[in-house]
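S.K.: A predicted structure for the sequence below; I have some questions about it.
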Amino acid sequence: MADSKIHPAITINNIKNFIPITLEMEKSQSSFWAGLFQIHCLAYEVLDHIIPSTDSSSTVSSSSDQTDKSPDKSKASWDRLDPIVLQWIYGTISHDLLRTIFKPDSTAQQACERLWNMFHDNQNSRAVHLTHQFTNTRIENFSNASDYCQELKVLADQLANVGQKV
């Protein structure tokens with residue numbers, strides 16, 4: 001029997017086990033989500049599906065045999081893995097974001113670019129909105145100081161994501 005290697009990305013049954021947050025526009029946790037997503041893609045050897053590589057041989061896993069590096073095998077592997085990565089993206093974003101970025105015949109990289117543009121094209125307006133939220137957060141609206149501090153931390157992180165300091 002021939003030694004057929006299964007790509008590690010194919011073994012993922014539930015992306016939520018690895019990326020437990022859902023990216024939402026209102027929560028603006030795009031940097032956190034992107035970091036988790038990149039780590040996951042790196043671990044499962046598909047980072048080049050969301051971040052283009054300058055190395056033309058990057059479409060082939062470094063753990064592949066030399067015989068797996070034929071152009072037909074590489075393209076077939078790429079064509080199989082890209083929709084898997086795209087499913088991971090779609091499975092970790094809110095329904096509103098999904099409706100906004102979904103395009104038939106899209107690649108994982110194109111979907112990531114659309115997400116990136118959504119979160120970074122409107123940084124100034126997001127910064128104004130988040131600054132307003134931060135300055136109007138009152139401790140009396142929370143059941144305890146820990147919840148209040150956690151909310152301020154979340155808002156401060158969101159401001160940092162759009163390039164603003166608290």
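M.R.: Great, that's in hand.
S.K.: And the helix ranked longest in the chain, what's buried?
M.R.: Counting by DSSP state H, the longest helix found in the chain is helix 71-91. Using 16 or more other CB atoms under 10 Å as the test for burial, helix 71-91 gives 74, 77-78, 81-82, 84-86, 88-90. Placement of C-beta: from N, CA and C, glycine included.
S.K.: Same check on stretch 156-165?
M.R.: 157-159, 161-162, 164.
S.K.: how near is A111 to R126?
M.R.: 21 Å (CB to CB, to the nearest Å).
S.K.: Mind putting the buried residues of helix 71-91 into JSON lines with distance to D105 and pLDDT?
M.R.: Output for those, formatted as JSON lines (distance: CB to CB, whole Å; pLDDT from 0 to 100):
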{"residue": "S74", "distance to D105": "20", "pLDDT": "83"}
{"residue": "S77", "distance to D105": "19", "pLDDT": "85"}
{"residue": "W78", "distance to D105": "15", "pLDDT": "87"}
{"residue": "L81", "distance to D105": "16", "pLDDT": "93"}
{"residue": "D82", "distance to D105": "11", "pLDDT": "94"}
{"residue": "I84", "distance to D105": "16", "pLDDT": "94"}
{"residue": "V85", "distance to D105": "15", "pLDDT": "95"}
{"residue": "L86", "distance to D105": "10", "pLDDT": "95"}
{"residue": "W88", "distance to D105": "18", "pLDDT": "95"}
{"residue": "I89", "distance to D105": "15", "pLDDT": "95"}
{"residue": "Y90", "distance to D105": "14", "pLDDT": "96"}
